[in-house]
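# return a 3D structure for these sequence lines:
(chains A, B and C)
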Amino acid sequence: MSSETAVSDTLGTKTPAWKRRRRPLLPRAWRRPMAIVGVVIVLAWLVIAIFAPLIAPYNPLAQSFTPLQAPNAAHWFGTDVLGRDELSRVLYGSRISLPLSLVLVVCSMLIGSVLGAIAGYFGRVVDEVIMRIADLVFAFPTIILAMIVAASLGPSLLNAVIALLLVSWPNYARVTRSLVLGARQQEYVVAGRLMGAGVFRSLGRDVAPNVVAPIFVLATLDFGNAILLLSGLSFLGLGAVPPTPEWGAMVSDGVQNFSQWWLATFPGIAIFSVVVAFNFIGDALRDALDPRTAEAVSGVSI
Amino acid sequence: MTSLPSSSEVEQAASVSSRDGRRRSHPLLRYIGIRFGISILLLWGVTVVTFVLANLVPANPAAAALGDKAASDPKIVAAFNAQHGFDKPVVVQYFIYLGNLLHGDLGNSTQTHNPVSQDLAVAFPATIELALFAIIFSIIIGIGLGMLAALRHNRLSDQIIRVFSLIGISIPTFWLAVAFFFVFFYLLGWAPGTGRLSPADTPPPHVTGMYTVDALLAGQWATFGDALSHLVLPGAVLTLFTVGLLVRFTRSGVLDVLSQDYVKAARAKGLPARTVVFRYILRGSLLPILTIVGLAFGSLLSGTVLTEQVFNWGGIGQYAYKAATTLDLPAIMGVGLIVGVVYIGINFAIDVIYGFIDPRVRVQ
Amino acid sequence: MTGLSIRGLTLSIGDKRGATPILRGIDLEIPAGRVTGLAGESGSGKTMTGLAVCGLQPAGSQVGGVVELHSDRVQVPNLLSLRSSALNRVRGREVAMVFQDPTASLHPMISIGGQLTDHMRFHLGLSRRDARARAVDLLQRVHVPHAADALDRYPHQFSGGQLQRVAIASAIACDPGVLIADEPTTALDVTVQAGVLRLLRELCDDLELAVLLVTHDLGVMSAVADTIAVMHRGEIVEHGDRYQVITEPRSEYTRSLIESLPDTPPPGAAFVPDDADADQEGATDAR
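The predicted model follows:
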């Protein structure tokens, strides 16, 4: 019998499928047309956000035109109820939504994944406490909880971000925890600890590389969500305060002046385009990382 | 967000039950018992969270409720605080709150001056009606398309469904609501205006609080038609919002199942495609799909806040919004509580169904 | 001759830009009543050969060549050219398959009885009652204890070795002429491997089955196979009698495989075909 096991060793025990299938991440993801569309849109918005003062035709806050003009040659997106140029406001809106969503996603990713990693790595009481708190946050629909917190803190964009931060970290904590739990049992992690690596060194060097990529994908997919939530709160009047040109708040203005369709349409399209772009990118990234989809699922001719 | 117990939990539950199975109850009962206990604990946690959220905030409820002028008069503020118990220590307030809760007393709204429980009794069925309408259509469309996409993996129909589901989850709900309203009400005149009934119509006799159901029960066909026509537009907005999510999760859930060996084995047995899909793949996908439905319900409740606002629906979402913006603390706590209860209740129900479906839990 | 004969089987996976050849023309005879071993390292294409014969190759792959089936009931000139409904009448009926890991190849949520009877009812047109009666016989045939009770149980209630016996019972349920066993013992405990192999050998002899045994384990091969084919990079580099392949390999690759074994005495010599220890282990497994 010993010779049998020896044979199987020399012939190479089967490599797990995901190891064989792993390919370079970016080229594959970038090759998908949807990802390209997403990247182009995001880059365009980045350019707009950075160079808004140069691109926008007017000052977004200047109430210097006839109010409620329909889209025309001078004002492509029309003007709003206070006589401000809608196009300029939409363009400037990217300077609000993009950075704030970035802050929101990065912060909740950091907080969530650190807490999740701690919970997963140390287990026991720490794990229980952190994950039960996460469970409680999960017991409420996101926007209702965020709405209550934002309302309590008072309407302001910063408070909206804080409120959303409070409700969005548990997602990262859960995913990170399960990834860390999986990675922790890997033999090389155990071996690292046996060779004297400290807890944080082990977490950082042996565990983190397994966790970073999926969390990054999650964050990309979450970016769109963050923009939706943030503009949703502003739509409810719990985020941006006038005269800030925020997209959600602008849609809300459009609801007040219903027959002026352009007021709500263009900021809505702006939100949609950014969100869909990030979702396209996130989807492609996830595909590239997911071994299942990299190789076609066993021939299903059903 | 997953309400399903992870497989390790299931194994744990299974091993626990098999260990004392000879002496004790049926494993399924035991599993449900454990799940029920967890739900009760969560419920208690929800009361703490709603209470803390509503009480440890910097904003001043008196100022919000009374307006700036009255709030500058200390006597009025003190009277207001005493009336609502805001002058007692927070811990005492919590226990008073908990005690009242157990009697079904959620306090009085500082805005409507009605008991919160009474307000919720009106708002809750409205939201449930909307949510049920949307979830039924979402499940049929979303799970159907998701399965189709998975079965046609990487082919054209799959790609199209994927792109549309991504677009679906990328449209801001509130904007879609506005756009639908503008197009179907303002431009085309197909849909009725906001609210749950036309102004001329009176609500049917109260049984469930859901107008369509109540109208049917009372045999008032005209009212039923009116209520249904009001339901269609906000329902469609919520459905579109949820379908994208359902498609994506169903697709990946079914893809997981498709790559399982048992599907290959079933095909190797020469079973016709129909049998493989409905007996093996569908049964294997039931658990993930169940999880997805729970998820969808959660996102639906979120979606209602924004949709109800646009359609002036008068449900929980709109009530929550009004309560939050006016810092109506009893109402906020009431909303938090009822939403938490619904959420936990749904997850518990899904856990129970899960137990019935999965032989690894059900059978010793 | 009854059995399966594979001629010039090719398979490539890939898209328009470049197809990767996986199988480069396999020729293999799998005669009835014999166990034909197919050995090779990971990625040599041996599993893919088994799958392609059953039409279970991955989506998006191109298959070429001829797989001819002769049995008492049917003659199929080429399995690869059958349409799906015709293929379904052959799969499970004439050509059955056993997979590597029985805990994965049996559906966790369908009872053993359900999984043993559904294809019988489809292929043989049996009533539910008859199918269940036959299932009990089959389980006894593969030495699963308490066969009648086992039908209402679920896969998680069985050990790996017993599950593989159930999977084998399911494979022989419709009395096929050809059995393809893809690494049938790799996922099992070493102690129960011999029992399952012995069962395969026994079925092959008793039912005149043509067995294609795919494995990377030369030890397994030398224990049960009559002839051994060695695959390397999608080609069969050597095919011959078990003893000859192990002791006097003709191809360079086979020689290097055998030389890479740590024990110098040829493993074939260490094994008696119907060895006594297999009996013991079979008993342990069946409990």
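
# for the stretch 151-287 of chain C, just list every one of the helices.
For the stretch 151-287 of chain C, the helices defined by DSSP state H, counting those that start in this stretch cover C:160-171, C:190-207, C:218-224, C:242-247, C:252-259, C:267-270, C:276-286.

# out of those, which comes closest to chain B?
helix C:160-171 (7.0 Å; Cβ to the nearest Cβ). Heads up, the C-betas are built off the backbone N, CA and C, glycines and all.

# and the helix ranked longest in chain B, anywhere near chain C?
Secondary structure of chain B per DSSP state H: the longest helix is helix B:221-258. No. Residues of helix B:221-258 are not located near chain C by Cβ under 8 Å from any Cβ of the partner chain, the shortest gap being 9.8 Å.

# any idea of the pLDDT on residue 18?
Picked chain A for this. Listed pLDDT for A:W18 reads 44.

# that's the wrong chain, I wanted chain C
We note a pLDDT of 70 for C:G18 in this prediction.

# and what of A:V137?
For A:V137, pLDDT reads 83.

# give the contact list for it.
A:L145, A:L166, A:V167, A:W169, A:P170 (Cβ atoms under 8 Å, 6 or more residues apart in numbering or on different chains).

# returning to that earlier point: now tabulate the helices of the stretch 151-287 of chain C in TSV and tack on mean neighbour count and distance to B:S170.
What follows is the helices of the stretch 151-287 of chain C, written out as TSV (neighbours: other Cβ atoms under 10 Å in any protein chain shown; distance: least, Cβ to Cβ, whole Å):
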stretch	mean neighbour count	distance to B:S170
helix C:160-171	26	45
helix C:190-207	20	52
helix C:218-224	26	54
helix C:242-247	19	60
helix C:252-259	16	54
helix C:267-270	17	61
helix C:276-286	16	55
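
# reformat these as a markdown table; add distance to chain B and mean pLDDT.
Below are the helices of the stretch 151-287 of chain C laid out as a markdown table (distance: least, Cβ to the nearest Cβ, whole Å; pLDDT from 0 to 100):
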| stretch | distance to chain B | mean pLDDT |
| --- | --- | --- |
| helix C:160-171 | 7 | 91 |
| helix C:190-207 | 16 | 88 |
| helix C:218-224 | 20 | 82 |
| helix C:242-247 | 27 | 84 |
| helix C:252-259 | 27 | 83 |
| helix C:267-270 | 29 | 48 |
| helix C:276-286 | 21 | 41 |
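
# lowest-confidence helix or strand of chain A?
helix A:2-10 (a mean of 37; mean pLDDT, DSSP states H and E).

# count of residues packed around A:D287?
18 (other Cβ atoms under 10 Å in any protein chain shown).

# please report how far A:V40 lies from A:V276.
As defined by Cβ to Cβ, to the nearest Å, A:V40 lies at a distance of 12 Å from A:V276.

# the more surrounded of the two?
A:V276 (22 against 12).

# return the distance of the closest residue to C:H156 other than its chain neighbours relative to A:Q185.
Spatial nearest neighbour of C:H156, chain neighbours left out: B:R360 (5.0 Å); criterion: Cβ to Cβ, 6 or more residues apart in numbering or on different chains. B:R360 is 22 Å from A:Q185, where distance means Cβ to Cβ.

# neighbour count winner among these two?
More crowded of B:R360 and A:Q185, by other Cβ under 10 Å: B:R360, with 19 against 9.

# next one, pLDDT for that one please.
For B:R360, pLDDT reads 80.

# B:D105 too?
pLDDT, read off for B:D105, is 81.

# just checking, it is part of a strand?
No. Counting by DSSP: H, G, I helix; E, B strand; the rest coil, B:D105 is not part of a strand but coil.

# right, and it touches B:P115 too?
Yes. Using Cβ atoms under 8 Å, B:D105 makes contact with B:P115 at a distance of 7.4 Å.

# higher neighbour count, those two?
B:P115 (17 against 14).

# still on that earlier bit, which strands or helices does the helix or strand that comes right after the longest helix of chain B pack on?
Once the chain leaves helix B:221-258, the next helix or strand it forms, by DSSP states H and E, is helix B:261-268. Other elements packing on helix B:261-268 under the criterion 3 or more Cβ pairs under 8 Å, 6 or more residues apart in numbering or on different chains; DSSP states H and E are strand C:95-98, helix C:102-105.
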